[in-house]
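[1] show me how the following folds:
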Amino acid sequence: MLTEQNLTWIGTHLLMPGLVLFMLFIVGDLAYRAKAGRFGTLVLFGALGMGMLGFVIKWVLSRYLV
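    Numbering: from 1, shown residues only. Next comes the predicted model:
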């Protein structure tokens, strides 16, 4: 039986990292097709990296402070 707790675990441990990997692929392809250069690619991945860092910080805080 799929409970809310199991669904939350699956979403945060399996689906979210898969989505992040897919977004990395999309941003890399976007940088390649736009011929963004090194700095443009760094900016694109930096913005995505800050989003991933926020998710990791949220996970760490909720894991160890609650």
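
[2] in what helix or strand does Gly46 lie?
    Using DSSP states H and E, Gly46 sits within helix 37-65.

[3] in this structure, which residue is most central in space?
    Val20 (3.4 Å; CA atoms, centre = their mean).

[4] excluding its backbone neighbours, what's nearest that residue?
    In this structure, Val20 finds its nearest non-sequential neighbour in Met52, 5.7 Å apart by CB to CB, 6 or more residues apart in numbering. In this view, the C-beta of every residue, glycine as well, is placed from N, C-alpha and C.

[5] count the residues that sit near the one you found.
    15 (other CB atoms under 10 Å).

[6] so it versus Ala34, what's the distance?
    The gap separating Met52 from Ala34 is 21 Å, by CB to CB, to the nearest Å.

[7] kindly report the same for Gly49.
    Gly49 is 18 Å from Ala34, by CB to CB.

[8] where in the protein is pLDDT low?
    Nowhere does the chain drop to pLDDT under 70.

[9] Phe55: how many residues sit nearby?
    The local packing of Phe55 (other CB under 10 Å) involves 14 other residues.

[10] so which elements touch the helix or strand the residue nearest to the centre of the chain falls within?
    Assigned by DSSP H and E, Val20 belongs to helix 16-33. When contacts are defined as 3 or more CB pairs under 8 Å, 6 or more residues apart in numbering; DSSP states H and E, helix 16-33 packs onto helix 37-65.

[11] same for the helix it packs on, what does it pack against?
    Using 3+ CB pairs under 8 Å, 6+ apart, helix 37-65 sits against helix 16-33.

[12] can you give me the buried ones in the helix it packs on?
    27, 31 (16 or more other CB atoms under 10 Å).

[13] what does stretch 43-50 give?
    44-45, 48.
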